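Asks: Could you work out the structure for the sequence below:
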Amino acid sequence: MGQFITQPTQALFFAFLLFVSCPLCTGSRLDVKADRNENGKDKDSVGIGPVIKPETMVVITNYLPNNQSLTLHCKSKDDDLGVHVLPPNGGSFRWLFRMNFWHTTLYFCSLNWSNGAVVFDAYRAKRDYNKRCNFDCDWNVFEDGIHGYTDRGGNDLTIPWNKPSSK
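Replies: Numbers count the residues shown, from 1 in each chain. Just a heads-up that it's a prediction; the model follows:
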């Protein structure tokens, strides 16, 4: 049998093909619905080798008091996820993505309700990747602010509301 790569030019061509195809395997991909297994993890959350990165799911859940709805608008540099109104008592919005090749993925959201507003980073690779939430970034919205939870379920960030200005 012959060898797969026999010439230096073939090796360079193979390396070039691998380099060009890597961003296609790791770029951000938006999927607004989630498919989870019985343990609550994404069915696709296991990466295949060093090239394909696992998907990360961000979930924002409304726990505001007095049956208050929550308006949110999340986006990245490349993806605008639109404006959504979350119903009270656990209404949620979620999306899936793969971190980009350069590990610079950023999704930010503006949240508004009758007693406050805030803009915050729902996922920031420098803060979250391999530190807080590789697979699940959960944010629960309460009267005192937005509480961030790690993959391990612990609350590690609280972002306070900007109160509406009184005129």
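
Asks: start to end distance for stretch 85-103?
Replies: For stretch 85-103, the separation between the terminal residues is 30 Å (CA to CA, to the nearest Å).

Asks: Go through that stretch and flag the buried ones.
Replies: For stretch 85-103, a neighbour-count test (16 or more other CB atoms under 10 Å) marks 86, 91-101 as buried. To be clear about C-beta, it is placed using only N, CA and C from the backbone, and glycine gets the same treatment.

Asks: In helices, which of those fall?
Replies: Residues of the buried residues of stretch 85-103 located in helices (DSSP state H): none.

Asks: which two of those lie the greatest distance from each other?
Replies: G91 and F101 (34.0 Å; CB to CB).

Asks: quick revisit: CSV for the buried residues of stretch 85-103, including pLDDT?
Replies: Formatted as CSV, those follow (pLDDT from 0 to 100):
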residue, pLDDT
L86, 98
G91, 98
S92, 98
F93, 98
R94, 98
W95, 98
L96, 97
F97, 95
R98, 93
M99, 90
N100, 90
F101, 89
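
Asks: of all the residues you listed, which comes closest to L111?
Replies: For those, the nearest to L111 is L86 (9.1 Å; CB to CB).

Asks: Distance check, that closest one against D79.
Replies: For L86, the distance to D79 (CB to CB, to the nearest Å) stands at 19 Å.

Asks: For the protein, just list every one of the strands.
Replies: Along the chain, the segments classed as strands by DSSP state E run 55-62, 70-75, 80-86, 92-98, 106-113, 116-124, 136-142, 145-149, 155-159.
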